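**Q** predicted structure and sequence below. I'll ask about it afterward.
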Amino acid sequence: MQLDNVFGIAGTALNAQAIRMNTTASNLANANSVAGSEEEAYRGRRPLFKALMQEEMTHAGAQFVGGVKVDRIVNDPAPIRKTWEPGNPLADKEGYVFHSNVNEMSEMVDMMAASRSYQNNVEVVNTARQLMMRTLEITKS
Amino acid sequence: MDVFNSAFGIHERALGVRSQRMEVLARNIANADTPNYKAQDVDFKAMLKEAKTEYLTATNEKHYAGLTEAPDNGMRFRTPFNSSFDGNTVEMNVEQAQYGKAAGDYQATLQFLQNRIGGLRKAMRGE
């Protein structure tokens, strides 16, 4: 029955958007982190979404075919900013500290987009649930 | 007992197609942020025709195949109003509107079915 699949598909999307919000929370929490070297500096995390198409499913007839998954999480390639702070205990030999490359403004925008997408999928589930309940009541006329 | 086979008429198949459309639209909404995802929709007319067609099946290798045209699953790619940077053609407002309409259509078909059942019930009671 196709209405069952709606729940599975929206479920994968809820999961993916929740992961996206988690990475945003992680990025925002580390927006002001500093490190002693460029390699150790925090880089923003970005989830990469991928559609779950038929052929890559593990078994036929799975309820979430056509949904979405987080393929992998990649690091933001934006350059790391360094400032001269000799008083900082984390500073390197020349007195530089390395800041994370997180842009708080774009993270906030991304968080809003993720929460809107999440709400959209919640609405999809709600509507499908109502229709299913009505279908069950079809004989009570 | 032909009365039960034909009692629901087209609505029985229409309900299946309608719920399939709900699934396709849910897929689009789920993949609203997936790069390069192409939004799809259902060609209702083609799909209903497909649901009504009974294809011949070859049960023996000596049977002739090829009397039938290829099945059309009724899926069509949607043409977006605006193209987006990441190759995704899902437009959330359009999808939401279509999802609402699909839900309404589903309820309409459900209502037709319900009326049929009510009619049958009345006939059986002989009221």
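**A** It's in.

**Q** what's the most centrally placed residue in chain B in contact with, if anything?
**A** For chain B, B:Val17 is the residue whose C-alpha lies nearest the centre (CA atoms, centre = their mean; 2.1 Å). Applying CB atoms under 8 Å, 6 or more residues apart in numbering or on different chains to B:Val17 gives the contacts B:Val42, B:Phe44, B:Met47, B:Leu48, B:Ala51, B:Gly74. All C-beta spots, glycine's among them, are computed from the backbone N, C-alpha and C.

**Q** how near is A:Glu107 to B:Glu50?
**A** Applying CB to CB, to the nearest Å, the value for A:Glu107 to B:Glu50 is 47 Å.

**Q** hang on, I meant B:Val17
**A** Distance from B:Val17 to B:Glu50, by CB to CB: 9 Å.

**Q** show me whatever sits in contact with both of those two.
**A** Joint contacts of B:Val17 and B:Glu50 (CB under 8 Å, 6+ apart) are B:Gly74.

**Q** okay, which residue is most central for chain A?
**A** Geometric middle of chain A (CA atoms, centre = their mean) lands on A:Arg20, at 1.0 Å.

**Q** just the CA trace of stretch A:24-37, in CSV.
**A** This file holds the C-alpha atoms of stretch A:24-37, laid out as CSV (Å, rounded to 0.1, in the frame of the first residue of the first chain):
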residue,chain,number,x,y,z
THR,A,24,24.7,23.0,12.6
ALA,A,25,24.6,22.8,16.4
SER,A,26,28.1,21.4,16.4
ASN,A,27,29.3,24.1,14.1
LEU,A,28,27.7,26.9,16.1
ALA,A,29,29.1,25.5,19.4
ASN,A,30,32.6,25.5,17.9
ALA,A,31,32.3,28.8,16.1
ASN,A,32,34.7,30.5,18.6
SER,A,33,37.0,27.5,19.2
VAL,A,34,40.7,28.2,18.6
ALA,A,35,43.5,25.8,18.0
GLY,A,36,47.3,25.9,18.1
SER,A,37,47.8,24.8,14.4
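
**Q** chain center to it, what's the gap?
**A** Here stretch A:24-37 is found 17 Å from its chain centre; the criterion is CA atoms, centre = their mean, to the nearest Å.

**Q** pull out the buried positions in it.
**A** Buried residues in stretch A:24-37, counted by 16 or more other CB atoms under 10 Å in any protein chain shown: A:Thr24, A:Ser26, A:Asn27, A:Leu28, A:Asn30, A:Ala31, A:Val34, A:Ala35, A:Gly36.

**Q** please apply the same query to stretch A:122-138.
**A** A:Val124, A:Val125, A:Thr127, A:Ala128, A:Leu131, A:Thr135.

**Q** near chain B, from the buried residues of stretch A:24-37?
**A** Among those, not one lies near chain B by CB under 8 Å from any CB of the partner chain.

**Q** save the residues you listed as TSV, and put in secondary structure, distance to B:Gly126 and pLDDT too.
**A** Output for the buried residues of stretch A:24-37, formatted as TSV (DSSP: H, G, I helix; E, B strand; the rest coil; distance: CB to CB, whole Å; pLDDT from 0 to 100):
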residue	secondary structure	distance to B:Gly126	pLDDT
A:Thr24	helix	65	95
A:Ser26	helix	69	94
A:Asn27	helix	71	94
A:Leu28	helix	70	94
A:Asn30	coil	75	92
A:Ala31	coil	76	90
A:Val34	strand	85	88
A:Ala35	strand	85	89
A:Gly36	coil	90	87
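
**Q** what residues does chain A put near chain B?
**A** Counting by CB under 8 Å from any CB, chain A sits next to chain B at A:1-3, A:5-6, A:9-10, A:12-13, A:16-17, A:20, A:48-51, A:66-68, A:113, A:117, A:120-121, A:123-124, A:127-128, A:130-131, A:134-135, A:138-139, A:141.
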